[in-house]
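Turn this into a structure:
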Amino acid sequence: MRSRHRSVPPLALLLLACGPVACAQSDQRFTAACIGFYNIENLYDTIDSPDTDDAEFLPGGPKLWGTTRYRTKVEKMGRVIGELGRDVHPDGVHVIGLAEVENRRVLEDLVKAEAIAKRGYRIVHEDGPDRRGVDVALLYDPRYFTLLGHRSVPLVDPVDTAFRTRAQLLVSGIMDGDTVHVIVAHWPSRRGGEKRSQPKRMLAAKLGRALIDSLQQREPGARVIYMGDLNDDPVDKSVRGGLMAVGRPEEATGRALFNPMLPLYEKGIGSLAWRDSWNLFDQVLMTASLAARTDERYRYYGVRVYNEPYLRQQDGPFTGYPFRTFVGDTWTDGWSDHFPVYIILVRPVR
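From the prediction side, this is the model:
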């Protein structure tokens, strides 16, 4: 089993070395933006929500989820978010999608975490129908992203009408004069077995595909980023077929999405580990308009799985795995069972 992050490309190192956001490369100057995603693993508050199954994350529950543990978790997540993308841009990620947040209250606490409070991240969130009460959300830095609007789109199974899972969050905004749409998703899990649960994830993929197609029909050439914990790898049918994803920018033509995570997965790089193998469920994909390198607007430059040593288990049989908050009901004071990921976008300075 192996997993390592991909080194950031030379341009990113130039951006870092030069200090300012824009930096010269030959006679061309670029500005960079980082867009991230992080499954922060069960960020629940300590208050009972009668409409959801949150009993295990209550002070009297099996995890003894009290104020001290909650505040520790919030500050840890704030530290990670604060460090993402700092190797490319001094202000880190401009936009980050999140999975496994219980409600807006925990997000309001998160953006006040010491490591990121000064950035003034703003929140996009809607309560969804998931039985466990976990949702997706998006944080954005208003200095670099101006919100235009958002909507939450539930995933409906016409055959299994009792099925309830996370909605997909569509957020539209302007980033340095460039209109960008971001869809945050957390697809159905593999509970019950990968093959048995696969149709649910295909439904989620088709919903994502429909949202992207709708945007592109209304706005030809729409610049769309699709991100999330897909509970499938880049090679799986739901991603390659359902989302119509390809692994090289030049292949991303027409409706096809470019998935920069595919080459990483083929090298053995993962964002979570299970039974001595790595998965790369956490993915950030984009439409052809963002993958093209001839555009004067933002375009794709690089990708990273952020697996710094402090986020990894340091000893025992799970050495190298993501250092999670709990193992069963045992508090380990870790971070998350997933590593965060982010992409680097660049555009020439006008």
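
In the chain, where's the longest helix?
Longest helix of the chain, by residue count under DSSP state H: helix 194-218.

what does that one contact?
Residues from elsewhere that reach helix 194-218, judged by CB atoms under 8 Å, 6 or more residues apart in numbering: 153, 155, 157, 163, 165, 168, 170, 181, 183, 185, 187-191, 222, 224, 226, 230-232, 236-239, 241-244, 255, 257, 287. C-betas here are computed from N, CA, C, even on glycine.

Just the buried ones among those, please.
Using 16 or more other CB atoms under 10 Å as the burial test, the contacts of helix 194-218 include 153, 155, 165, 168, 170, 181, 183, 185, 187-188, 190, 222, 224, 226, 230-232, 236, 238-239, 242-244, 257, 287 as buried.

Flag every buried residue along the longest helix of the chain.
Per 16+ other CB under 10 Å, helix 194-218 contains these buried residues: 197-198, 200-205, 207-209, 211-212, 215-216.

what element comes up after that helix heading to the C-terminus?
strand 224-229 (DSSP states H and E).

mean confidence for the helix or strand that that next one is followed by?
Note on strand 224-229: by DSSP H and E, the next helix or strand toward the C-terminus is helix 237. Across helix 237, pLDDT averages out at 97.

What score does residue 147 have for pLDDT?
At residue 147, the model reports a pLDDT of 98.

Can you read off the backbone torsions of the nearest residue to residue 79 once chain neighbours are set aside?
Leaving aside its chain neighbours, residue 79 sits nearest to residue 115 (4.5 Å; criterion: CB to CB, 6 or more residues apart in numbering). The phi/psi pair for residue 115 (degrees, to the nearest 10) reads phi -70, psi -20.

What are the boundaries of the helices in the chain?
Under DSSP H, the chain gives helices at 10-18, 67-83, 104-110, 194-218, 237, 261-266, 288-291.

can you redo these as CSV with distance to residue 327?
Converted to CSV, these look like this (distance: least, CB to CB, whole Å):
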stretch, distance to residue 327
helix 10-18, 35
helix 67-83, 14
helix 104-110, 22
helix 194-218, 22
helix 237, 32
helix 261-266, 26
helix 288-291, 38
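
Which of those comes out lowest on mean pLDDT?
Among these, helix 10-18 carries the lowest mean pLDDT, a mean of 40.

circling back to that earlier point, quick one: the longest helix of the chain to strand 224-229, angle?
Here helix 194-218 runs at an angle of 160 degrees relative to strand 224-229 (axes from the mean of the first three to the mean of the last three CA atoms, to 10 degrees).

Please report the distance of residue 288 from residue 222.
Residue 288 is 10 Å from residue 222, where distance means CB to CB, to the nearest Å.

wait, residue 202
23 Å.

Spatially central, which residue of this protein would that be?
residue 37 (1.9 Å; CA atoms, centre = their mean).

Surely residue 119 touches residue 90?
No: using CB atoms under 8 Å, residue 119 is not in contact with residue 90; the gap is 11.0 Å.

Please identify which of these two sits among more neighbours.
The neighbour comparison of residue 119 against residue 90 (other CB atoms under 10 Å) goes to residue 119, with 21 against 12.

Contacts only, for that one.
Neighbours of residue 119 in contact, by CB under 8 Å, 6+ apart: 82, 91, 92, 141.

please redo it, this time with the cut-off set to 7 Å
Shown in contact with residue 119 (CB atoms under 7 Å, 6 or more residues apart in numbering): 91, 141.

quick one: pLDDT of residue 176?
So, for residue 176, pLDDT stands at 89.

neighbours around residue 275, how many?
Residues near residue 275, counting by other CB under 10 Å: 5.

In strands, which of the contacts of helix 194-218 appear?
153, 168, 170, 181, 183, 185, 224, 226, 257, 287 (DSSP state E).

where's the fifth one relative to residue 165, distance?
What it means is residue 183. For residue 183, the distance to residue 165 - CB to CB - is 15 Å.

picking that back up, which strand residues sit across from the residue nearest to the centre of the chain in the sheet?
Beta-bridge pairing for residue 37 (DSSP bridges): residue 97, residue 341.
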